[in-house]
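Trainee: pasting the sequence and the predicted model now:
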Amino acid sequence: MNYRLVIVGPPGAGKGTQAKNVSEDLGITWISSGELFREAIRSGSEIGEMIASYIDNGNLVPDEVTDAMIKNHLEEIDPRHGFLLDGYPRTLSQVDALDSMLEAHNAPLDAVIELKIPDEEIVGRLLSRAQKEGRKDDTEDVIRHRIAVYHEKTEPLLKVYRDRDLLVGIDGLGTIDEVRNRLVDNTRAFLRENGESAE
Ligand code: ADP
């Protein structure tokens, strides 16, 4: 099945890890906005430097830059073949932009997965990741800012997708494998119940 999915969750919810695993389990392409940005930064381009100035401070990269990057990428893979978008959309304006992109390809979303985890859990997880990976956007102040940005800019998306009957809530607490299985099982069940518009 060529499912077209989005995964949303606060920083530190384990979204990246799970998105990678789940896209493998479902046989669809994983598209991570954060990874695409980190690639652009590593390339050392001017646009990469600009992107880094936002990310390192825990701010969102401007919508126009983000939308253009995702649009290019979706065109490369052909969205009708299925994908799991991880980290995009993250603002209401990005929801509109994604709608237009997918409409142009006649490839509507099948589900939006919300990976849920309490705020208290987030800071601890991100601080321990900071020690392991040394990401510049993982200092405590920046982490707290990223959580605030999530509540302010990204959470409103959930209502939009809930109103469209696309939202699947998943408890993000547990081991990586427990969450992976829960996520795949519940998402598959949701897709079965809600008719499979994907080809
Ligand atoms: P996390 O899941 O830990 O927040 P990501 O790898 O998804 O990490 O994203 C890292 C950073 O990249 C974000 O904090 C943000 O600055 C930027 N970013 C990622 N996706 C988007 C997006 N859709 N819009 C704007 N900025 C984004």
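Mentor: Perfect, I can see it now.
Trainee: so where's the chain shaky on pLDDT?
Mentor: Applying pLDDT under 70 to the chain picks out residues 135-136, 196-199.
Trainee: near the ligand, which residues of it?
Mentor: By the rule C-beta under 6 Å from any ligand atom, the part of the chain lying against the ligand is 11, 15-16, 33-34, 37, 54-55, 59-61, 66, 87-88, 90, 94, 137, 146. All C-beta spots, glycine's among them, are computed from the backbone N, C-alpha and C.
Trainee: buried among the residues you listed? Make that a PyMOL selection.
Mentor: Written as a PyMOL command, the selection of buried residues from the residues of the chain next to the ligand, which uses 16 or more other C-beta atoms under 10 Å, is:
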select buried, resi 11+15+16+33+34+37+54+55+60+61+66+87+88+90+94+137+146
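Trainee: select from the residues of the chain next to the ligand every entry located in helices.
Mentor: Using DSSP state H, the subset of the residues of the chain next to the ligand located in helices is Lys15, Gly16, Ser33, Gly34, Phe37, Tyr54, Ile55, Thr66, Gln94, Arg146.
Trainee: list just the nearest of those to Gly48.
Mentor: Phe37 (8.3 Å; C-beta to C-beta).
Trainee: which residue packs closest to that closest one, ignoring adjacent ones?
Mentor: Ile51 (5.1 Å; C-beta to C-beta, 6 or more residues apart in numbering).
Trainee: residue boundaries of the helices in the chain?
Mentor: 15-26, 33-42, 46-55, 63-77, 92-104, 119-133, 140-149, 156-163, 176-193.
Trainee: packing partners of the first one?
Mentor: The reference is to helix 15-26. Counting contacts by 3 or more C-beta pairs under 8 Å, 6 or more residues apart in numbering; DSSP states H and E, helix 15-26 is packed against strand 4-8, strand 29-32, strand 83-86, helix 176-193.
Trainee: give me that answer again for 7 Å
Mentor: strand 29-32, strand 83-86, helix 176-193 (3 or more C-beta pairs under 7 Å, 6 or more residues apart in numbering; DSSP states H and E).
Trainee: send the alpha carbons of it over as CSV?
Mentor: Presented in CSV, the C-alpha positions along helix 15-26 are these (Å, rounded to 0.1, in the frame of the first residue of the first chain):
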residue,chain,number,x,y,z
LYS,A,15,9.7,11.0,16.2
GLY,A,16,12.8,10.7,14.0
THR,A,17,13.6,7.2,15.2
GLN,A,18,10.1,6.0,14.9
ALA,A,19,9.5,7.6,11.6
LYS,A,20,12.5,5.8,10.1
ASN,A,21,11.3,2.4,11.5
VAL,A,22,7.7,2.8,10.6
SER,A,23,8.4,3.9,7.0
GLU,A,24,10.5,0.8,6.7
ASP,A,25,7.7,-1.4,8.1
LEU,A,26,5.2,0.1,5.8
